[in-house]
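Colleague: what follows is a predicted protein model with its sequence.
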Amino acid sequence: MARAPAKINLFLHVGDKRADGFHALQSLVAFTEAGDDLAFAPDDALTLAIDGPFGAELSAGDDNLVVKAARVFEPALGAAKGAHITLTKNLPVASGIGGGSADCAATLRGLNALWGLGLDTAALQEIGASLGSDVPVCITCQPQWMEGRGEILTELPALPDLAVVLVNPGVGVPTGKVFGALKERRGVGLPLPPKFASADDLVAYLKDTANDLEAPARVIAPVIGDVLDFIAGQGALLSRMSGSGATCFGLFENGTHAARAAEAIRAAHPGWWAVASRLSGRIYD
Ligand SMILES: C[C@@](CO)(OP(=O)(O)O)[C@H](O)COP(=O)(O)OP(=O)(O)OC[C@H]1O[C@@H](n2ccc(N)nc2=O)[C@H](O)[C@@H]1O
Ligand SMILES: Nc1ncnc2c1ncn2[C@@H]1O[C@H](COP(=O)(O)OP(=O)(O)O)[C@@H](O)[C@H]1O
């Protein structure tokens, strides 16, 4: 069983648009203990079965990032190889927490092991970059400093232990549309962050940063503002949107407080998805 954890852009600053049409980014990326689950079993053909709360929103066909990841090895192998993959989709789809990218990265890791390919982390990250901007950062699932389009990664020391609540209001905000509506950008000039000695240090650092995509996403989906206000109202140390949205996160000093906040959010907004988790520095295989 492999865990494909939710990615959080603790901050996300946007720079200039590059020649390939993508903007340069700078982001402090962390992972939570909440995520999708995948299992890999030997089989003659490549098959994918999907279950879980958000499984019905995905097809198991060629457009699934799990299938794309499995097929990416074919040219080097010179033939199609089989495996039966089960994906339990616990994370909302296309919601700024990289669930598809994490599934894709978990598949690269899982099949690398199942098929005995012997690829190292750098090779898996390079292959992952051809499948999506956020796939490389999801290969190790450790806190990383992410630059370029997502392909320039620096591993960071473990972050201080913090509880987190993820909240998605169930509206889709297409990434391209959010970048298209972007007006103010902080640029990509920050140096590598220091090692954070405490949760307070990390939160203070984050308060001097932002998610540049939050303002345009809020214009497209004003409910994101309600989500952020609600999280802040639960006593979060910081509330912010992740990626291009619409999932937002709140950082809390302990798990009890985070669990209470998630419960209050679910009670007040039964249509919203809200889970309490922790920031995590583990590799998930
Ligand atoms: C914003 C981030 C931050 O981690 O997270 P998510 O919202 O996906 O979680 C990612 O960079 C998302 O990257 P990626 O997954 O490649 O975005 P795509 O859906 O392919 O991008 C759709 C469109 O958004 C614009 N786009 C995207 C990424 C980027 N760095 N610059 C851009 O200008 C481009 O117009 C692109 O064609
Ligand atoms: N296994 C998968 N899980 C989630 N999304 C997938 C998957 N395979 C393909 N996709 C597609 O990838 C896109 C991005 O998905 P996702 O990584 O969840 O978004 P985000 O990075 O915004 O959180 C979606 O449009 C979705 O339809």
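Modeller: Now that the structure is in, tell me what you want to look at. Ligands and ions are numbered 1, 2, ... in the order given.

Colleague: only C-alpha atoms for contact and neighbour calcs from this point on.
Modeller: Noted.

Colleague: quick one: the helices in the protein?
Modeller: Assigned by DSSP state H, the helices in the chain fall at 65-71, 74-77, 99-114, 121-129, 137-140, 175-180, 199-207, 214-220, 223-233, 255-268.

Colleague: distance to ligand 2, mean pLDDT and mean neighbour count for these - can I get that in CSV?
Modeller: Below are the helices of the chain laid out as CSV (distance: least, C-alpha to the nearest ligand atom, whole Å; pLDDT from 0 to 100; neighbours: other C-alpha atoms under 10 Å):
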stretch, distance to ligand 2, mean pLDDT, mean neighbour count
helix 65-71, 4, 98, 21
helix 74-77, 19, 86, 10
helix 99-114, 3, 97, 24
helix 121-129, 13, 97, 17
helix 137-140, 10, 97, 27
helix 175-180, 7, 97, 15
helix 199-207, 21, 97, 16
helix 214-220, 12, 98, 20
helix 223-233, 14, 98, 19
helix 255-268, 20, 98, 18
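
Colleague: mind checking which of the ones you listed is nearest ligand 1?
Modeller: helix 175-180 (3.3 Å; C-alpha to the nearest ligand atom).

Colleague: report the buried residues of the top strand by length along the chain.
Modeller: In the chain, with assignment by DSSP state E, the single longest strand is strand 23-41. Neighbour-count burial for strand 23-41 flags 23-40 (criterion: 16 or more other C-alpha atoms under 10 Å).

Colleague: what does stretch 264-280 give?
Modeller: Buried residues in stretch 264-280, defined by neighbour count with 16+ other C-alpha under 10 Å: A264, I265, R266, W272, W273, A274, V275, A276, S277, R278, L279, S280.

Colleague: looking at these, which is nearest ligand 2?
Modeller: W273 (13.8 Å).

Colleague: would you mind measuring from R3 to T175?
Modeller: Applying C-alpha to C-alpha, to the nearest Å, the value for R3 to T175 is 25 Å.

Colleague: no no, N211
Modeller: 14 Å.

Colleague: what pLDDT does the model give G281?
Modeller: At G281, the model reports a pLDDT of 56.

Colleague: pairing partners for the longest strand of the chain, with directions?
Modeller: If you go by DSSP bridges, strand 23-41 pairs up with strand 2-17 (antiparallel), strand 83-88 (antiparallel), strand 144-148 (antiparallel), strand 273-280 (antiparallel).

Colleague: out of these, flag the one nearest ligand 1.
Modeller: strand 2-17 (6.3 Å).

Colleague: what's the angle from that closest one to helix 99-114?
Modeller: 130 degrees (axes from the mean of the first three to the mean of the last three C-alpha atoms, to 10 degrees).

Colleague: find residues that contact each of N211 and T175.
Modeller: Residues touching both N211 and T175 (C-alpha atoms under 8 Å, 6 or more residues apart in numbering): none.

Colleague: which residues does F11 contact?
Modeller: Taking C-alpha under 8 Å, 6+ apart as the criterion, F11 is in contact with S27, L28, V29, L206, T209, A210, N211, S242.

Colleague: I'd say the second one and W145 touch.
Modeller: Yep, that's L28 we're talking about. Yes. L28 lies in contact with W145 (C-alpha atoms under 8 Å); the separation is 4.9 Å.

Colleague: close to ligand 1, is stretch 21-32?
Modeller: Yes. Under the criterion of C-alpha under 6 Å from any ligand atom, ligand 1 is reached by stretch 21-32 at G21, F22, H23, A24, L25.

Colleague: show me what the last one is bridged to.
Modeller: When you say that, I think you mean L25. Here L25, judged by DSSP bridges, has bridge partners V14, G148.

Colleague: so who does it touch?
Modeller: L25 neighbours (C-alpha under 8 Å, 6+ apart): L12, H13, V14, G15, M146, E147, G148, R149, G150, G187, V188.

Colleague: closest to ligand 2 among the residues you listed?
Modeller: Distance to ligand 2, by C-alpha to the nearest ligand atom, is smallest for G150 among these, at 11.8 Å.

Colleague: now the closest one: how far from F54?
Modeller: Taken as C-alpha to C-alpha, the span from G150 to F54 is 26 Å.
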